[in-house]
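A.B. asks: Got a predicted structure here, sequence first:
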Amino acid sequence: MDVTVGERQYTAEELQEIFDRAAEELEVLVLGENESLDKVTADLSLVTELPDLPIAVEWELDRYEVLNVSGEIQEEALREALVEEREGVLVNLKAFMTYTQDQTRQAVHEITVRLCPAARTKEEKLIEKIRAWIAEYDNENKTKETIKLPKEVDGQKISYHYPMDTRGAVILAMGLMTVVLLFCLEKQNEKKDEEKRKQQMMMDYPQIVSQLNLLLGAGMSSKSAWKKIVDDYQRRKPARGERAAYEEMAAAWNEMCGGVPEKDCYESFGGRCGLQAYMKLGALLSQNLRRGTKGLADALRLEGIHAFEERKALARRRGEEAGTKLLLPMFLMLAVVLVIVIVPAFLSISL
């Protein structure tokens, strides 16, 4: 069996105590940001209900022109009233308190406040004096086509200028920021392209060493082997695309054809590639011209073995990086699966 328990009704003595407590709380709550009712400079807080008390409040004022029912001060009307009442404008507030459980049980509490002008800053006082000076000049010179602005007030010199339009500065700042971001983006893209170039060259290095080792072992000179590799690349370039390492080899061959010493071409080739492996290859070929071909085949064979090991290590690292990049999609797929499984289970639960 459900039993409904109604709210407890107060006796007349208890209700009077509640009205007294409500009146005391109103004295505090109505202040708002003001410190005293005898000097009100900010808007009042005319509450319509009291916390923890079953009391509703309605307000009645005797001077609505300077203060409205929301407690907001009417500045223009207050300034006009302060001309006659210099010590402050007195406003009588009546709070009609009603017991919410019985609308017939009410009480009235009166509060008197004194509205005073808000404390003005030094700048506000100066602006008011300037306005007064301009208004006085305008009244005395209504027939003139122009109006005069004061150049000095209370011994303080005053200059005038139009307010600056900040939209141009904002657009300029945004433009500069965009330029900086685009510059950073371009640098980042260049860095990524350079990293891709180096990875591609390291992937091609074992094949280049293997081709050189094979051609030199077949009895060709280093220059002829170099030309053979470049010619094969030029023939397969339309199908395979451009490869950075072979492009550098083609540039080195063009230098040889242009009369640059072969030794210098090999060394500059390694320097342009910018990788330790290619610098070592250029040094081996350059030493071959000075010392002869003795030991070059063994050196290239060992370099080829080392290059293939480096290529396998690079491929392994790239595979690990790819696995790391797949973690986020895997987590997203896991979240989707959990939603697919859990949501129908919750929906099937009968409440």
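C.D. replies: Looks like it arrived, so ask away.

A.B. asks: quick one: residue 253 and residue 234, what's the gap?
C.D. replies: 10 Å (CB to CB, to the nearest Å). Yep, even glycine has a C-beta here, placed from its N, CA and C like the rest.

A.B. asks: which one of those two has more residues nearby?
C.D. replies: A count of neighbours by other CB atoms under 10 Å puts residue 253 above the other of residue 253 and residue 234, at 19 against 12.

A.B. asks: Give me the nearest residue to the more buried one, chain neighbours excluded.
C.D. replies: Distances taken as CB to CB, 6 or more residues apart in numbering put residue 230 closest to residue 253, at 4.8 Å, once the chain neighbours are dropped.

A.B. asks: And the strand or helix carrying that neighbour, what does it pack against?
C.D. replies: Assigned by DSSP states H and E, residue 230 belongs to helix 222-240. When contacts are defined as 3 or more CB pairs under 8 Å, 6 or more residues apart in numbering; DSSP states H and E, helix 222-240 packs onto helix 167-217, helix 244-257, helix 276-291.

A.B. asks: Any chance you could list what contacts the strand or helix carrying residue 81?
C.D. replies: Taking DSSP H and E as the criterion, residue 81 maps to helix 75-84. Identification of contacts with helix 75-84 by CB atoms under 8 Å, 6 or more residues apart in numbering yields 65-66, 88-89, 115, 117.

A.B. asks: Same question for stretch 268-275.
C.D. replies: For stretch 268-275, the surrounding residues in contact (CB under 8 Å, 6+ apart) are 198, 201-202, 205, 245, 248-249, 251-252, 255, 278-283.

A.B. asks: Which pLDDT value belongs to the residue nearest to residue 303 when sequence neighbours are not counted?
C.D. replies: Setting aside the residues directly before and after it, residue 303 is nearest to residue 209 in space (CB to CB, 6+ apart), at 5.3 Å. Note for residue 209: predicted pLDDT of 82.

A.B. asks: same thing with residue 119?
C.D. replies: pLDDT at residue 119 comes out at 68.

A.B. asks: Nearest to residue 161 among the contacts of stretch 268-275?
C.D. replies: Minimum distance to residue 161 across the contacts of stretch 268-275 is 58.4 Å, recorded for residue 198 (CB to CB).

A.B. asks: burial measure for the residue lying closest to the closest one once chain neighbours are set aside, as a count.
C.D. replies: Spatial nearest neighbour of residue 198, chain neighbours left out: residue 275 (6.3 Å); criterion: CB to CB, 6+ apart. Residues lying near residue 275 (other CB under 10 Å) number 16.

A.B. asks: Equivalent analysis for residue 308, please.
C.D. replies: Using other CB under 10 Å, residue 308 is surrounded by 15 other residues.

A.B. asks: same deal with residue 246?
C.D. replies: The number of residues packed near residue 246 is 21, by other CB under 10 Å.

A.B. asks: give me the number of residues near the nearest residue to it once chain neighbours are set aside?
C.D. replies: Nearest residue to residue 246 in three dimensions, chain neighbours excluded: residue 233, at 4.1 Å (CB to CB, 6+ apart). When neighbours are defined as other CB under 10 Å, residue 233 has 20 of them.

A.B. asks: buried ones in the helix or strand bottoming out on mean pLDDT in the chain?
C.D. replies: Between all helices and strands in the chain, the lowest mean by mean pLDDT, DSSP states H and E belongs to helix 296-325, at a mean of 73. Under the neighbour-count criterion of 16 or more other CB atoms under 10 Å, helix 296-325 has 296, 299-300, 303-304, 307, 311 buried.

A.B. asks: now the following helix or strand past that helix against helix 296-325, angle please.
C.D. replies: Note on helix 296-325: by DSSP H and E, the next helix or strand toward the C-terminus is helix 327-348. Between helix 327-348 and helix 296-325, the angle formed by their directions is 20 degrees, by axes from the mean of the first three to the mean of the last three CA atoms, to 10 degrees.

A.B. asks: what domains does the record give for this structure?
C.D. replies: Recorded structural domains for the chain (assignment: automatic domain parsing) are 12-118, 195-317.

A.B. asks: Would you single out the least confident of those domains?
C.D. replies: Here those differ in mean pLDDT, and the lowest is domain 195-317 at a mean of 81.

A.B. asks: got the end-to-end distance for that one?
C.D. replies: 14 Å (CA to CA, to the nearest Å).

A.B. asks: cool, and stretch 319-338?
C.D. replies: From its first residue to its last, stretch 319-338 covers 28 Å (CA to CA).

A.B. asks: Over to stretch 111-126?
C.D. replies: Distance across stretch 111-126, first residue to last, is 35 Å (CA to CA).

A.B. asks: now what about that stretch, what contacts it?
C.D. replies: 26-27, 30, 37-42, 44, 66-67, 73, 78-79, 81-82, 87-95, 128, 153-154, 156.

A.B. asks: Pull out the buried residues from it.
C.D. replies: Of the residues in stretch 111-126, 111, 113, 115-116 count as buried by neighbour count, 16+ other CB under 10 Å.

A.B. asks: Stretch 52-62 too?
C.D. replies: By 16+ other CB under 10 Å, the buried positions in stretch 52-62 come out as 53-57, 59, 61.

A.B. asks: now the helices for the stretch 1-150 of the chain?
C.D. replies: 12-29, 75-84, 122-140 (DSSP state H, counting those that start in this stretch).

A.B. asks: out of these, nearest to residue 262?
C.D. replies: With CB to CB as the criterion, residue 262 lies closest to helix 122-140 of the helices of the stretch 1-150 of the chain, at 82.6 Å.
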